[in-house]
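Enquirer: sequence plus the predicted model coming up.
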Amino acid sequence: MKFLAFLSIATTALITSCTSTPIPDNSLSKAEAKEGWQLLFNGQDMSQWRNFKKQDINPKWVVEGGTMKLSGGGGGDIMTKKQYENFDFRMEWKISEAGNSGIFILADEKGKRIYSHAPEIQILDNEKHNDRKKPNHRSGSLYDMITSPAESHKKAGEWNQVRILLNKSHLQVWQNGIQTVDIVMHSDEWKELVGKSKFKNWKGFGMNKKGHLGLQDHNDVVWFKNLKVLELK
């Protein structure tokens, strides 16, 4: 009797594994499409992106093997053509050895650099890049403000999953399924963290309530895939 029960469970598991089809990279499931998710990269072109303060994109940003790849320094920071206010943004990144990059939110083009006003979620090789020496400069951190847990980190060359949820100024970030940031922007706690950071005298930093999503050129090779966003009402 026990054997028959085991056989039934095993058969069910086998059928499930055979009939459950993984969603290909850079695509949406039927459920996601119905919910209103939008791809920011389709695996073939970067038509939804442009360089900061430009209308096109530098050729050092390439599509390679179903990824958006910065092939080397000089490609410049890029940003979505569209701006977002309340959103759920998900993506995956992979950094080269000793590499550094970042994900910007609420970016504008009023300052000299994309990061003049835009908070950054750090991308880093936490083992070999010099920025690792400062805890809140490690991957998954709200750069120079909030330190990510060590268990959220992976080695260079491995894919990392990131979710950035911003809803009515409540900013939450997860890296590899582990929450790294949970704060209300523009709150007293936020202002205190900014005041203790390198941004304390940066006029307008972190003040936007709507802006572009951005990816950083820090002169290192970096890959991105499965970028998608859901606008929240």
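Expert: Sure, I can see it.

Enquirer: surely R132 is within a helix?
Expert: Yes: secondary structure assignment (DSSP: H, G, I helix; E, B strand; the rest coil) places R132 inside a helix.

Enquirer: contacting residues for it?
Expert: For R132, the contacting residues are 124-126, 138, by Cβ atoms under 8 Å, 6 or more residues apart in numbering. Where C-beta positions appear, they are placed from N, C-alpha and C, glycine not excepted.

Enquirer: low-confidence ranges, the protein, go.
Expert: By pLDDT under 70, the low-scoring segments of the chain are 1-20.

Enquirer: so which residues of this protein form strands?
Expert: Applying DSSP state E to the chain gives strands spanning 38-39, 49-51, 61-64, 67-70, 78-84, 87-95, 100-107, 120-124, 160-167, 170-175, 178-184, 211-215, 222-231.

Enquirer: strand partners of the third one, parallel vs antiparallel please.
Expert: When pairs are called by DSSP bridges, strand 61-64 turns out to pair with strand 67-70 (antiparallel).

Enquirer: ok, residues contacting the strand it pairs with?
Expert: 41, 43, 46, 49, 60-63, 94, 101, 215, 217, 220-225, 227.

Enquirer: let's see it at 10 Å
Expert: Identification of contacts with strand 67-70 by Cβ atoms under 10 Å, 6 or more residues apart in numbering yields 25-26, 40-41, 43, 45-46, 49, 57-58, 60-63, 75-78, 91-94, 96, 99, 101, 159, 215-227.

Enquirer: off-centre distance for it?
Expert: Relative to the centre of its chain, strand 67-70 is centred 13 Å away, using Cα atoms, centre = their mean, to the nearest Å.

Enquirer: do stretch 107-116 as well
Expert: The chain centroid and the centroid of stretch 107-116 are separated by 18 Å, computed with Cα atoms, centre = their mean.

Enquirer: cool, stretch 179-196 as well?
Expert: Between the mean C-alpha location of stretch 179-196 and the chain-wide mean there is a distance of 19 Å, by Cα atoms, centre = their mean.

Enquirer: check stretch 177-192 too.
Expert: Going by Cα atoms, centre = their mean, where stretch 177-192 is centred and where its chain is centred differ by 16 Å.

Enquirer: buried sites along that stretch?
Expert: Of the residues in stretch 177-192, those with enough neighbours to count as buried (16 or more other Cβ atoms under 10 Å) are 180-181, 183, 185, 190.

Enquirer: residues near the residue nearest to K134 when sequence neighbours are not counted, how many?
Expert: The shortest distance from K134 to any residue other than its chain neighbours is 7.8 Å, reached at D144 (Cβ to Cβ, 6 or more residues apart in numbering). Using other Cβ atoms under 10 Å, D144 has 20 neighbouring residues.
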